[in-house]
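A.B. asks: just coords:
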């Protein structure tokens, strides 16, 4: 209460009811790798540099070269497939022989803010929600990507298979990628597309068809699907733009065991083009089987976390509890209306509890406010089955 010493009328602005929660972005990518250049005097080396278009990338980092074969095609296919925002971490430029570059150089070191290198640099960028290290299939690097995502709990990683990897080898690779929480997805095989290539002598730019790792295009599909439909929609049965053909054309018989193993295939279908034909994570836990389920929870958790910081140090009483419940319920109701949650009513889609049943007096005495949230996510229709039988008008059905 304020101090009122002089008689009169006083007007005071107060807050009441719920606060709004704005959903966080889910389509900003983070790429790590070798580039043709990294700015004048290496100004972009081991920095998270924001890039908003292919021309912006070329201006800052150059194009494809024989010694920097993966990053430029990945970024090009990211933008071609609907991506709009990404951060580039150039670990070194192509003046360095990549054969001398080791897994540890991609992973980098963590010497604190402003002194991180490699993948660790992306820890400083909260906007990033999808990461890839195009074409690098070293087990140490891919495991570091999982650790990175599990530590930050606000992003998802896309893994490449190795060039020329056969069906047995890709299943072996999948077995080395372990994340019970489903923080990543593996895609197979490589894709063929036009790549802008610069002649080292004449500096002439030509478009050459070549095989490249699919992660850049896949991350672009994630971004496009998020923008057009929402993060709750599985980023599958989506056309890969700019892809001419695949390294291997897979059949249903080929894909069956791969899909069961959690390997997402890229398939070519007559009359329908080349499409992403899988939506599974690397998790062995059925709760986190699908890419869209894991990414939906990352979106919900990060959005709620960022928008409820105002709660800290507020009086921990019934009035605050009611405001928190209303704030989160309004946000989840919007998610339900967008189709992200199951149920014909909000009550069937989610619940939010914050009261004496979620915390004890000891919790309250120790400064804890505990909210329990349950949501029923929409799962993808992965297997569509039509049961057809002969029927006559007088038959029972």
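C.D. replies: Cool, the structure landed. Quick caveat: nothing in here was measured; it's all calculated off a predicted structure. Numbering: from 1, shown residues only.

A.B. asks: what does the longest helix anywhere in the chain contact?
C.D. replies: Counting by DSSP state H, the longest helix found in the chain is helix 318-337. Helix 318-337 is contacted by residues 16-21, 23, 232, 300, 303-304, 307-308, 311, 314, 341, 343, 346, 349-350, 352-355, 369, 371, 373, 375 when judged by CB atoms under 8 Å, 6 or more residues apart in numbering. In this view, the C-beta of every residue, glycine as well, is placed from N, C-alpha and C.

A.B. asks: run the last query once more with 7 Å
C.D. replies: Where contact means CB atoms under 7 Å, 6 or more residues apart in numbering, the residues beyond helix 318-337 that reach it are 17-19, 21, 303-304, 308, 311, 314, 341, 343, 346, 349-350, 352, 354-355, 371, 373, 375.

A.B. asks: strands of the stretch 1-150 of the chain, start to end?
C.D. replies: 29-35, 49-51, 86-93, 130-132 (DSSP state E, counting those that start in this stretch).

A.B. asks: format these as JSON lines; extra columns: mean neighbour count, mean pLDDT and distance to residue 175.
C.D. replies: Formatted as JSON lines, these follow (neighbours: other CB atoms under 10 Å; pLDDT from 0 to 100; distance: least, CB to CB, whole Å):
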{"stretch": "strand 29-35", "mean neighbour count": "27", "mean pLDDT": "96", "distance to residue 175": "24"}
{"stretch": "strand 49-51", "mean neighbour count": "19", "mean pLDDT": "97", "distance to residue 175": "34"}
{"stretch": "strand 86-93", "mean neighbour count": "25", "mean pLDDT": "91", "distance to residue 175": "27"}
{"stretch": "strand 130-132", "mean neighbour count": "28", "mean pLDDT": "98", "distance to residue 175": "21"}
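
A.B. asks: would you reformat those strands as CSV and include distance to residue 257?
C.D. replies: Converted to CSV, the strands of the stretch 1-150 of the chain look like this (distance: least, CB to CB, whole Å):
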stretch, distance to residue 257
strand 29-35, 30
strand 49-51, 38
strand 86-93, 33
strand 130-132, 25
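
A.B. asks: between the ones you listed, which one is nearest to residue 201?
C.D. replies: strand 86-93 (18.4 Å; CB to CB).

A.B. asks: compute the inter-axis angle for that closest one and strand 29-35.
C.D. replies: If you take axes from the mean of the first three to the mean of the last three CA atoms, to 10 degrees, strand 86-93 sits at 20 degrees to strand 29-35.

A.B. asks: and strand 86-93, what does it pack against?
C.D. replies: Contacts defined by 3 or more CB pairs under 7 Å, 6 or more residues apart in numbering; DSSP states H and E place strand 86-93 against strand 29-35, strand 49-51, helix 54-61.

A.B. asks: and these as CSV, adding distance to residue 207?
C.D. replies: What follows is the helices and strands packed on strand 86-93, written out as CSV (distance: least, CB to CB, whole Å):
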stretch, distance to residue 207
strand 29-35, 19
strand 49-51, 21
helix 54-61, 13
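
A.B. asks: any stretches of the chain with poor pLDDT?
C.D. replies: 1-2, 94-100, 394-397 (pLDDT under 70).

A.B. asks: do you have the helices of it handy? List them.
C.D. replies: Under DSSP H, the chain gives helices at 54-61, 71-80, 103-107, 139-152, 167-176, 215-228, 252-260, 291-307, 318-337, 346-349, 361-365.

A.B. asks: sorry, back to before: and the angle from the longest helix of the chain to helix 291-307?
C.D. replies: 150 degrees.

A.B. asks: so for residue 184, which of the helices and strands packed on strand 86-93 sits nearest?
C.D. replies: The nearest among the helices and strands packed on strand 86-93, by CB to CB, is strand 29-35 at 13.4 Å.

A.B. asks: what helices and strands are in contact with the closest one?
C.D. replies: helix 71-80, strand 86-93, strand 130-132.

A.B. asks: distance check, residue 330 against residue 19.
C.D. replies: Note on residue 330: its distance to residue 19, by CB to CB, to the nearest Å, is 9 Å.

A.B. asks: over to residue 45?
C.D. replies: Taking CB to CB, one finds residue 45 at 41 Å from residue 19.

A.B. asks: residue 230 now?
C.D. replies: 22 Å.

A.B. asks: check residue 93 too.
C.D. replies: 46 Å.

A.B. asks: where do the strands sit along the stretch 151-300 of the chain?
C.D. replies: 156-160, 184-188, 191-198, 205-212, 238-239, 243-246, 263-269, 273-277.

A.B. asks: show me the one of those strands that comes nearest residue 55.
C.D. replies: Among these, the nearest to residue 55 by CB to CB is strand 191-198 (11.0 Å).

A.B. asks: so how far is the first residue of stretch 250-266 from its last?
C.D. replies: 8 Å (CA to CA, to the nearest Å).

A.B. asks: do the same with stretch 31-47
C.D. replies: Rule used - CA to CA; the end-to-end distance of stretch 31-47 is 11 Å.

A.B. asks: alright, calling it a day.
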